[in-house]
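Undergrad: the sequence isn't on hand, but the structure is:
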């Protein structure tokens, strides 16, 4: 008799997308050369868009959502992996066109997997999740652009979210003066300060249409918001500064001008976590093992189960999820 496992599966309905807990077998998995016993997943902004149907993230139905997972290899036909290896997956279309992390088992291409550093458990790997891995890619992008702590402050937008929370912890640990921008300044000020933010400002000062060029306020930025917020961040970045852009919580548009680029020599570094080359993925996870304060990570993380995910998808799009959510797929 084939052993079954639980999964959260998304179905296309007349009214949109419906996510339901179902029982599956290995016959329901897609092609791949590595089968993983999944321990944990998480809820990212993109997962929220997928499960609610607010954006056409899911390309084929029915599908198991979840753009990332961490677990242990059960079987492998890939030369790079063996049973017992602890692995993490971020992106590559998983949770979009290939069954994702909201299940107790996954079968994927070994070329999509990264072996976890010894210092990172599968639980902490998903407390970090794609949001935290993206934050690390942003920090590396700023460093590649020449930014150093002595250049000046760094602003983090969407600060109370997943990318923002991990970015603050990382930047503060590296010695940067961090400014946190959030729409929940009063409620989240103490939380953001505990992660290492030196200043907390209200996002209202950045979210409305602004001038092409403003007063120089920061040397760098990690932006997960886009739209007017990113335009205003660019307009107020110091000469020679750098901005890492990785999200679109406010919108996909960029109502900016060329002024910050041609008058102040600003670098805008685009950060893609989905198809990021493997050497950069390995570098990011190695840096997370050494640069992230795990006590801060634990403090920003709350537990959840598969049954909690549909409600959390609504919450994360409404900006009501602080920090990180760790989904135990076996609960």
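TA: Thanks, I have the structure now. Computed from a prediction, not measured in an experiment: that's the story for all the values here. Numbering: from 1, shown residues only.

Undergrad: so where's this protein uncertain?
TA: 1-2 (pLDDT under 70).

Undergrad: hmm, try it at 90
TA: Along the chain, the parts satisfying pLDDT under 90 run over 1-3, 14-16, 184-186, 319.

Undergrad: identify the residues contacting the residue nearest to residue 172 when sequence neighbours are not counted.
TA: If the residues on either side of it in the chain are set aside, residue 172 comes closest to residue 196, at 2.4 Å by Cβ to Cβ, 6 or more residues apart in numbering. The C-beta positions use only the backbone N, C-alpha and C, and glycine is treated the same way. Going by Cβ atoms under 8 Å, 6 or more residues apart in numbering, residue 196 touches 168-169, 171-173, 178, 296.

Undergrad: does residue 254 touch residue 225 like I think?
TA: No - using Cβ atoms under 8 Å as the test, residue 254 is too far from residue 225 to be in contact (11.0 Å).

Undergrad: quick one, which of these two is more surrounded?
TA: Legend: neighbour count by other Cβ atoms under 10 Å for residue 254 and residue 225, higher for residue 225 (27 against 14).

Undergrad: which residues touch the more buried one?
TA: Counted by Cβ under 8 Å, 6+ apart, residue 225 has contacts 157-158, 203, 207, 247-250.

Undergrad: by neighbours, which of the residues you listed wins?
TA: Neighbour-wise, these (other Cβ under 10 Å) top out at residue 157, 32 neighbours.

Undergrad: now do the helices in this structure.
TA: In the chain, the segments counted as helices under DSSP state H are 45-52, 122-144, 162-173, 185-195, 204-207, 227-235, 259-264, 278-291, 294-299, 309-317.

Undergrad: show me what contacts the residue nearest to the spatial centre of the chain?
TA: Of all residues in the chain, the one closest to the mean position by Cα atoms, centre = their mean is residue 131, 1.5 Å from it. Residue 131 is in contact with 42, 44-45, 161-163, 166, 324, counting by Cβ under 8 Å, 6+ apart.

Undergrad: quick one on the thing from earlier: just flag the most distant two among the contacts of residue 225.
TA: Longest distance between any two of the contacts of residue 225 is 14.8 Å, between 203 and 248; criterion Cβ to Cβ.
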